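**Q** quick one: sequence plus predicted model below, questions after.
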Amino acid sequence: MSRSTPIIHKTRTQVVVEVLREKILSGDIAAGEPLRQSALAEELNVSRIPVREALLQLEAEGLVKFEAHKGATATVLSVEQVTELFELRAMIETDLLAKAIPNLTDDDFLQAEKVLDELESAFKHEDAVATWSELNTRFHTSLYQPANRPHTLEVVHGLNTNCDRYIRLQLLLAGGIPRAEQDHRDLLRFCKNKEIDKAVELLHAHILHAASEIRDLVAQQVV
């Protein structure tokens, strides 16, 4: 059933959060680069208050770091962080998927397939890179939602936000798109066939393979 998207009024802070998040994730703002509130306020034509609030929200997402006497900087990429974040994802998401598969319906599969088609279309256009992670998360979420574990799903979304720029690195620089496409199609097939063990094994390998490629990229400082 299709529903019209409601018009959402965004506060200045929300707009600033989205702009700065995109700049950090896309690399326009480099890791370690100082984020000067007065300069950002002038660039975005807002007061310093929404900039300050936006930086605090981005700190909670792991994209910004506040340090004494230095102020805010874009978080530096870290091999240790990649390992921790992706190992957590592998543990939590495989458990969610195993719990969700028995409850997945034909409507769930139609929704997952629709998102996957959008993702594969976006993969063909590098100017759509900003939507890759969002669509990837929506695909996985459509398979996890029927587990009926809202708090766990919230944790997963938080992890995905922190993994976002790392995932883009892997897809853009490590040539991860063909494998991602194949893994997603196989995962959907296993879920449809209620092959829980195969689906869980594939998802676990899918997440940890991405982590391995990203660790190599970060270690080489190809950013």
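**A** In hand now; what should we look at? Nothing here was measured: the structure is a model prediction, and the numbers come from that model.
**Q** quick one: low-confidence parts of the chain?
**A** The model of the chain has pLDDT under 70 over residues 1-9, 126, 221-223.
**Q** can you give the domain ranges for it?
**A** Segmentation of the chain into domains, based on automatic domain parsing, reads 12-74, 79-219.
**Q** how about the ones you listed in CSV, adding mean neighbour count?
**A** For the C-beta atoms, the positions are set from N, CA and C on the backbone; glycine is no exception. Formatted as CSV, these follow (neighbours: other C-beta atoms under 10 Å):
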stretch, mean neighbour count
domain 12-74, 16
domain 79-219, 17
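**Q** hmm, residue 202 is touching residue 190, no?
**A** Yes: the criterion here is C-beta atoms under 8 Å, and residue 202 meets it with residue 190 at 6.4 Å.
**Q** what segments of this protein are strands?
**A** Per DSSP state E, the chain carries strands over the ranges 64-67, 71-74.
**Q** could you say what helices and strands the last one packs with?
**A** For strand 71-74, the packing partners by 3 or more C-beta pairs under 8 Å, 6 or more residues apart in numbering; DSSP states H and E come out as strand 64-67.
**Q** my read is that residue 219 contacts residue 78, right?
**A** No: here residue 219 does not reach residue 78: they are 10.3 Å apart, not a contact under C-beta under 8 Å.
**Q** tell me which residue lies farthest from the centre of the chain.
**A** In the chain, the greatest distance from the average C-alpha position (C-alpha atoms, centre = their mean) is reached by residue 69, at 30.8 Å.
**Q** next up, phi/psi of it, please.
**A** Note on residue 69: backbone dihedrals following degrees, to the nearest 10 are phi 70, psi 0.
**Q** okay, stretch 110-129 in CSV with CA atoms only?
**A** C-alpha atoms of stretch 110-129 as CSV (Å, rounded to 0.1, in the frame of the first residue of the first chain):
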residue,chain,number,x,y,z
LEU,A,110,8.2,-7.1,-2.0
GLN,A,111,9.4,-4.1,0.0
ALA,A,112,12.9,-5.6,0.3
GLU,A,113,13.0,-6.2,-3.4
LYS,A,114,11.8,-2.7,-4.2
VAL,A,115,14.6,-1.2,-2.1
LEU,A,116,17.2,-3.5,-3.6
ASP,A,117,16.2,-2.4,-7.1
GLU,A,118,16.6,1.2,-6.0
LEU,A,119,20.0,0.4,-4.5
GLU,A,120,21.3,-1.4,-7.5
SER,A,121,20.2,1.5,-9.7
ALA,A,122,22.0,4.0,-7.4
PHE,A,123,25.2,1.9,-7.5
LYS,A,124,25.4,2.7,-11.3
HIS,A,125,25.7,6.4,-10.6
GLU,A,126,28.5,7.8,-8.5
ASP,A,127,26.6,11.0,-8.1
ALA,A,128,24.1,9.0,-6.1
VAL,A,129,26.7,7.9,-3.6
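**Q** tell me how far stretch 195-206 lies from the chain's centre.
**A** 20 Å (C-alpha atoms, centre = their mean, to the nearest Å).
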